[in-house]
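In: Just need the structure, nothing else, for what follows:
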Amino acid sequence: MKSKRLTSLLLCAMLLQSPSFTAFAAGPNVLQNQATNGAVIQQNVTFVDLKNDYWAYEAISDLSRKGYINGYEDETFKPENQITREEFAKLISTTFYLDIPSPSAPSYYDVDPGRWSYGYVEAAKTFLTGYYPPGGKAFFSPDIKATREDVAVALVKILGLSASDLNDKNILRRKFKDTDLISYGIRDYVAIATEKALISGYEDGTFRPDKPITRAEIATLLYRSIKASSQDQSEVPILKVSVPAKTGSGTFYVQGTVTAGAKVYINDQPVTVTDGFFKEGFKVDEEGSYEIQIVAKAANGKTVTVYKTIVYEIEPPQITVDDIPESTSSQSFYVSWSVSDANDNSPAVYLNNQKFDTYWGGYSGSYHTNVQLQEGENALVFKAKNRSGKTAIVTKTITLISDGPILKVDDIPDSTSSHSISVTGTVSDQNDYKPVVYLNDVKLDSFWGSFSKYIDLQEGENTLVFKARNSSGKTTVVTKTIFLTTDGPILKVDDIPDSTSSQSISVTGTVSDKNDSRPIVYLNDAKLDSFWGSFSKTVQLEEGENTLVFKARNSSGKTTVVTKTITFNVGGPVLKVYDIPETTSRSSITISGTVSDKNDSRPVVYLNDEQIDSSWGSFSKYVPLKLGENSLVIKAVNNLGKSSTVTKSVYYQK
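Out: As a prediction, the model looks like this:
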């Protein structure tokens, strides 16, 4: 394709004009004046460490004669020496006359503007990319060795080749047994380099993608690239592309112009071209660096390829803190600030790790609060974190300069469910070794500057005013508030079935309360006995649904209620009549059977509405028969009025 041929031709032209290959030589080079005014001087260049049968001899000799590469002062070439990634970046930049930029913000955190290779790394980043860990800072690793797969990818990109130029999709599997070691995202580039004979493997059938590249291998790759160049001067489409370097929202446009009639593909997908202009929107979901390949294809089949890189990096929230003085004599200090975020209208906001609810800021994103300062320097750490996990921190300091004692009260929780708490702290004064401490105007005992007091709390908000006064009458006040929220006892009722056929059930459970060792338990307003927090009660049920209301009350009058329901389904007795014959020639028979009822120990048994005796659940009755059909109705009734009936018939014939 034309883009490949033009780029290869450009490679030849650039190399022919380049007087030296400075990225190879580690020290001064004695092989000077190898090219003058762009004309190649043919010299018989030899290196003492390079024999004629060395595998890269032809490539090194050819390139050194043309002045593309140099040896060392001791007339060695050191073909097995390795080069670093930043040295390779310089090689790419100088060989291909890349524009050397000087951006104020470096693309990689480990290559700052003061580093010698900064400009080369920035210039070559489209071809020799860095590393972009998810959610982290991009880095280049300039000191590590350039690898074989690094170089293969860079040459393919420089030559303008793309995935559409790959004919044999399986070339890597066929040629190399270590294909799985090649980084997955760049296998197509390595495949193209292999297919175009820009790079080859080793005799053992391996590619060794992570193997550092040597001077001999670099020379061979350049030699092959030059030999593979074409002189085809057919017109290729003119492609100009504009892509922003960064996006903070994940959306961006790729736009540009192209020769009329040419088609444009972005990452192998066709886009609409109108009057030579195209503009396509994209969205990415994760932070990182994304490479975009734009290919223009003319009607004659010639193509040109442009690579662009865009970095998606979500910006953290913006925090603006209103003016804070360097010092103050007021222990309570009013601070105000605002928070904004382009991608999150409600980022989490903190001041010294205390979270502020979003509604405090409202739609304006403004916040304010009173901060209690300690004597000396106080750090105010404002933090905002958006839904993407990006955090912004602004730290301000303010010094409290007061004449009163230095009074420090240890942390007291904002709220508690305990009726009493212990408060502790320290007091000191540079002019009084024993300042007096008060809590709500009651003097506290202090020992060597420390004090401690066990206090009882009232339901609701409790204000604790600590005051220290020195011998000069100067005072320091620290105010704390604690909210007493007492809940009812913890009442747990063991499982009760939804329904039962038994008239009585046993209910059990436990009760506890952190402020009362013996809370009282009621069942349907009747007090229950409890022992070490456990209770048990047998309940008589009424037919149908029964509501059981358990209530526990502590000494503060707080209650907890648990309501259970159970349905008593009353059934009749279990009545069993022993078998009797259907026909008989006898004038009488004996009827017998058993009866039982879980709610009645002595259900009554009737035979044809006449009660018959039963003993321990068994009954027996002598029955005279009449000629013909005799109907025998046996019925059992329990004390709840529920009955069960069994009907038998016997035919008497002589």
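
In: Report the residue ranges of every domain in this protein.
Out: Domain ranges of the chain: 2-227, 239-312, 318-400, 406-484, 490-568, 574-652, per automatic domain parsing.

In: Just send those back as TSV, with mean pLDDT and mean neighbour count too.
Out: For every residue, glycine as well, the C-beta is placed using N, CA and C. Rendered in TSV, the data for the domains of the chain read as follows (pLDDT from 0 to 100; neighbours: other Cβ atoms under 10 Å):
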stretch	mean pLDDT	mean neighbour count
domain 2-227	76	18
domain 239-312	89	16
domain 318-400	86	15
domain 406-484	91	15
domain 490-568	92	15
domain 574-652	92	15
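
In: And residue 452, how far from residue 561?
Out: 39 Å (Cβ to Cβ, to the nearest Å).

In: For this structure, which residue occupies the most central location?
Out: Compute the mean C-alpha point of the chain, and by Cα atoms, centre = their mean the closest residue is residue 389, 8.7 Å away.

In: For the host helix or strand of residue 423, what is the distance to the chain centroid?
Out: Using DSSP states H and E, residue 423 falls within strand 420-428. Distance of strand 420-428 from the chain centroid (Cα atoms, centre = their mean, to the nearest Å) equals 41 Å.

In: Stretch 308-319 too?
Out: 18 Å.

In: how long is it end to end?
Out: 33 Å (Cα to Cα, to the nearest Å).

In: same check, this time on stretch 400-408
Out: So stretch 400-408: terminal residues 13 Å apart, Cα to Cα.

In: Mind listing residues that contact it?
Out: 327-331, 373-376, 378, 425-429, 432, 435, 437, 466-470, 472, 474-478 (Cβ atoms under 8 Å, 6 or more residues apart in numbering).

In: make it 7 Å
Out: 327-329, 331, 373-376, 378, 425-429, 432, 435, 466, 468, 470, 474-476, 478 (Cβ atoms under 7 Å, 6 or more residues apart in numbering).

In: cool, and stretch 574-584?
Out: 589, 591-597, 634, 636, 644, 646, 648, 650-653.

In: Return the list of helices and strands in contact with the strand holding residue 423.
Out: strand 406-409, strand 450-456, strand 460-469 (3 or more Cβ pairs under 7 Å, 6 or more residues apart in numbering; DSSP states H and E).

In: okay if I get those strands as JSON lines plus distance to residue 303?
Out: JSON lines is the format used below for those (distance: least, Cβ to Cβ, whole Å):
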{"stretch": "strand 406-409", "distance to residue 303": "74"}
{"stretch": "strand 450-456", "distance to residue 303": "82"}
{"stretch": "strand 460-469", "distance to residue 303": "76"}
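
In: out of these, which comes closest to residue 204?
Out: strand 406-409 (72.7 Å; Cβ to Cβ).

In: in its sheet, what does that closest one sit against?
Out: strand 420-428 (antiparallel) (DSSP bridges).

In: which residues are in contact with the strand it pairs with?
Out: 405-410, 412, 435, 437, 446, 449-457, 464, 466, 468, 482.
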